[in-house]
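**Q** Just need the structure, nothing else, for what follows:
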Amino acid sequence: MEVENFAIRVKTMEEMCEQDRVRDELILRGATFPMIYALFGDTFYAVSNRQKLLGVARKGRTKQPDDDMQEKIWLLWNEYQHLPERERYLRACERLSERYGLTLEQMQQDGLAGALYSIISSWEQQQSVAEASASSKKKHQERSVVPIRVGTTGQQ
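**A** Numbering: from 1, shown residues only. Down below sits the predicted model:
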């Protein structure tokens, strides 16, 4: 019994370490509080302390990438559909820096991870609204269609 409990605790600790690693990497790449809160549930105080610990200075609002970079972000985001959300953000950030020669400092300064989160959240929200609207229209059309029998002229 003790061996099983120990194994469970070790696994839990490993998962917590991995979660901390992903969180730290995202913060180092410019993740914002809303992003870290959404992905990990951290408070503003916890995020602020983690940024200080990692030596990341926040410089106000993150700027939105231009249309060209947004397209690149979208393509990268879709490459990692198979990954869990946290890992997906991290992989997309890593690939952005690799493909486009962005240093960690540039990503921090531009708040690229935070911008990535903001853009993706916006797109997903727009997609959800569009899907809900399309579904609502389809249901309305199904209710308003009056079936017509084939071979009748409408006259009795």
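
**Q** What separation is there between P34 and A115?
**A** Here P34 is placed at a distance of 11 Å from A115 (CB to CB, to the nearest Å). Just so you know, the C-beta spots here come from the backbone N, C-alpha and C atoms, and that holds for glycine as well.

**Q** the more surrounded of the two?
**A** When P34 and A115 are compared for neighbours, A115 comes out ahead with 23 against 14, by other CB atoms under 10 Å.

**Q** mind listing what's buried in whichever strand or helix holds that one?
**A** Under the assignment given by DSSP states H and E, the secondary-structure element containing A115 is helix 112-144. With burial defined by 16 or more other CB atoms under 10 Å, the residues of helix 112-144 counted as buried are L112, A113, G114, A115, L116, Y117, S118, I119, I120.

**Q** Correct me if wrong: the third one contacts I36.
**A** No. With the criterion set as CB atoms under 8 Å, G114 and I36 do not qualify as a contacting pair; they are 9.0 Å apart.

**Q** Determine the three-state secondary structure at L83.
**A** Under the three-state scheme (DSSP: H, G, I helix; E, B strand; the rest coil), the conformation of L83 reads as coil.

**Q** residues touching it, list them.
**A** With contacts taken as CB atoms under 8 Å, 6 or more residues apart in numbering, L83 has the following neighbours: R91.

**Q** quick one on the thing from earlier: min pLDDT across the buried residues of helix 112-144, which one?
**A** Taking the buried residues of helix 112-144 together, the minimum pLDDT is found at L112 (76).

**Q** Please determine how far it is located from I119.
**A** In this structure, L112 and I119 are 10 Å apart, going by CB to CB.

**Q** Tell me who's in contact with L53.
**A** Contacts of L53 were listed using CB under 8 Å, 6+ apart, and none were found.

**Q** quick one: buried residues of the helix or strand that contains it?
**A** Mapping L53 onto the secondary structure by DSSP H and E places it in helix 44-54. Neighbour-count burial for helix 44-54, counted by 16+ other CB under 10 Å, picks out V47, R50, Q51.
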